[in-house]
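Undergrad: need a 3D model of the sequence below.
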Amino acid sequence: MRLFLKKLVKIFFSLLLIVLWVSPTGSVFAQEEQPDGPVYVVQEGDTLWDIARRFGVPVEELEQYNGITDAGQITIGTELVIPGMEGVQGILVTREVPYGENLRSLSRRYQVSMEALARLNRITSPNELFTGSFIIIPEDNANAPATGRVALAPGQTLLELAVSQEVNPWTMVSINDLNGTWELLPGDVLQLPKEGAVEGPGAFPGWIEAIDVNPLPMVQGKTSVISLETEGELKAQGTLTGHEFNFFRSGDGSYIALQGVHAMTEPGFYPLTVSGSLADGTPFAFSQQVYIQDGGYAFETLVVNPETVDPANTEPEDEIWNALPVNANPERQWEEIFQSPVSPLFADCYPSYFGNRRSYNGSPYNYFHTGLDFCGGVGAEIYAPAPGLVTYTDTLTVRGIATMIDHGWGVYTGYMHQSEILVNVGDYVEAGDLIGLVGGTGRVTGSHLHLEVWVGGVQVDPMDWLERAYP
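TA: Next comes the predicted model:
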């Protein structure tokens, strides 16, 4: 009996320790009192590292502040107090910042002052709100109903805009945190009460329902797709890393722009700018930072004919070749994934991949492989991967016997080191048409086909175009 009572007491104290450790609210605090500060409720898929990154605090500080000794303790519903925000109370949520938002538009959308947002998110520069970053918002504001968006047209007053929208002008002043009716410029986007409004990029007029940038983050050597969904007609263009790009109307009514990211672009933040005008002449313009990350390309060392790396030959040839794929034909010629340009026998054989950093004859690795190489002996057949117009054929020192095809929308393909060209400038080809034969001409170490894909005047990874349909 005595032994039984001892075991019972031991079990009781064990249960008591567990009750003291786990709070009824699901938090993981070891302290008797919860520290001061705003609270974040852990969501499905969250990790401690993710939460620390979103709120801009060291993960060690987050652990210490909440008495966490084991990161595995946090579960869905766990309440974490965020350090460094003393004086701010309540439940916080995070939202990913899409393209088309800045501090002003987020302030108007969530009805939180710009000063409060800047303080809550420790924002010291507008560049910190880059596409794909996170913004911290009080939960009550984040769940506010959607509001409409309207832009001030050229020559229009706030009073005229308010009358057209059947809204009190002072209501517009209030909900948009304006100092007065005079504090507006043409194109400025305002939020206004509107039932059934569609959420969209807050810095753009309501006609523009959504803007998508894919992929995010952007990657060296990859094709970026910028899509713009709208209710009506508009004109739009943009710039990225010094390259201008155009938007074209797609079959589903959206506007699409394709732009390559140069494979040697230094990783970091770059402005992506989109501007234009609506059908009524209302202008819009927006610029936001996007991050370009390293492509993780390999390194190669090659020994080639010295003539093919002599600047006296390479520089004038580069000038000719790089000037070819600059015009953007508004007629898109392709519909599906690009086909392999070689027979099935060689379709999965790649002697060298796009983007590889290269050293020629002992030089620094300041060159990169501008295309994708396919195996093939001299005389192997080359096929057009997609419909297009032949715009160039010639024999060059570095590229050998070369061809270029325009597929529309600023997309071109180039074929190098051929032994023979079987098309002429001005010919229209369909996918699968025979256009040339593999060779070993130009700067090579053996016979093969070098395939290039150009998007917006920049060489991009052809493998992407062989594996997915664009846009």
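Undergrad: hey, let's count contacts and neighbours off CA atoms from now on
TA: Will do.
Undergrad: grab the nearest non-local neighbour of Tyr350.
TA: Taking Cα to Cα, 6 or more residues apart in numbering, and ignoring the residues beside it in sequence, Tyr350 has Phe374 as its nearest neighbour in space, at 4.8 Å.
Undergrad: mind listing what the one you found touches?
TA: If you count contacts by Cα atoms under 8 Å, 6 or more residues apart in numbering, Phe374 has them with Val342, Phe346, Ala347, Asp348, Cys349, Tyr350, Pro351, Ser352, His448, Leu449, His450, Leu451.
Undergrad: phi and psi next, for the third one.
TA: Which is Ala347. As for Ala347, its main-chain torsions (degrees, to the nearest 10) stand at phi -60, psi -30.
Undergrad: can you give me the pLDDT of it?
TA: In this prediction, Ala347 carries a pLDDT score of 93.
Undergrad: flag the shaky bits of this structure, pLDDT-wise.
TA: 1-35, 86-87, 196 (pLDDT under 70).
Undergrad: residue contacts, the residue most central in space within it?
TA: When Cα atoms, centre = their mean is applied to the chain, the residue found nearest the centroid is Leu216 (3.0 Å). Leu216 makes contacts with Thr131, Gly132, Val290, Tyr291, as judged by Cα under 8 Å, 6+ apart.
Undergrad: quick one: it from Asn143, how far?
TA: Shown here: Leu216 relative to Asn143, a distance of 25 Å by Cα to Cα, to the nearest Å.
Undergrad: what's the answer for Leu302, then?
TA: When Cα to Cα is the yardstick, Leu302 and Asn143 sit 59 Å from each other.
Undergrad: what is the burial count for Leu178?
TA: Other residues near Leu178 number 13, with proximity taken as other Cα atoms under 10 Å.
Undergrad: ok so it is a helix residue?
TA: No: counting by DSSP: H, G, I helix; E, B strand; the rest coil, one finds Leu178 to be coil, located in no helix.
Undergrad: tell me how far it lies from Ala146.
TA: Here the distance between Leu178 and Ala146 works out to 20 Å (Cα to Cα).
Undergrad: in the sheet, who's paired with Gln237?
TA: Asn246, Ser275 (DSSP bridges).
Undergrad: OK, contacts around it?
TA: Residues near Gln237 by Cα under 8 Å, 6+ apart: Glu244, Phe245, Asn246, Phe247, Val274, Ser275, Gly276.
Undergrad: does Thr301 count as helix, strand or coil?
TA: Secondary structure assignment for Thr301 (three-state DSSP): strand.
Undergrad: let me see the domain layout of the chain.
TA: Partitioning the chain according to automatic domain parsing yields domains covering residues 210-293, 299-467.
Undergrad: show me the helices in the stretch 1-150 of the chain, by range?
TA: If DSSP state H, counting those that start in this stretch is used as the criterion, the helices of the stretch 1-150 of the chain fall at 2-21, 48-55, 59-65, 103-110, 114-120, 139-142.
Undergrad: end-to-end on stretch 117-125?
TA: Criterion Cα to Cα; first-to-last residue distance in stretch 117-125 is 12 Å.
Undergrad: now find how far off-centre it is within its chain.
TA: In terms of Cα atoms, centre = their mean, to the nearest Å, the centre of stretch 117-125 is found 23 Å from the chain centre.
Undergrad: quick one: buried residues of it?
TA: With burial defined by 16 or more other Cα atoms under 10 Å, the residues of stretch 117-125 counted as buried are Leu117, Ala118, Leu120, Asn121.
Undergrad: a markdown table for the residues you listed, including distance to Pro193?
TA: Formatted as a markdown table, those follow (distance: Cα to Cα, whole Å):
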| residue | distance to Pro193 |
| --- | --- |
| Leu117 | 21 |
| Ala118 | 24 |
| Leu120 | 25 |
| Asn121 | 26 |
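Undergrad: rewinding a little: any chance of the contacts of Leu216 in a markdown table, with neighbour count too?
TA: Conversion of the contacts of Leu216 to a markdown table gives the following (neighbours: other Cα atoms under 10 Å):
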| residue | neighbour count |
| --- | --- |
| Thr131 | 24 |
| Gly132 | 17 |
| Val290 | 24 |
| Tyr291 | 18 |
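Undergrad: looking at the residues you listed, which is nearest Thr282?
TA: In terms of Cα to Cα, no member of those lies closer to Thr282 than Thr131, at 24.6 Å.
Undergrad: please name the residues that touch that closest one.
TA: By Cα under 8 Å, 6+ apart, the contact set of Thr131 is Val97, Pro98, Tyr99, Leu216, Gln288, Gln289, Val290, Tyr291.
Undergrad: do Glu266 as well
TA: Glu266 sits next to Ile292, Asp294 when contact means Cα under 8 Å, 6+ apart.
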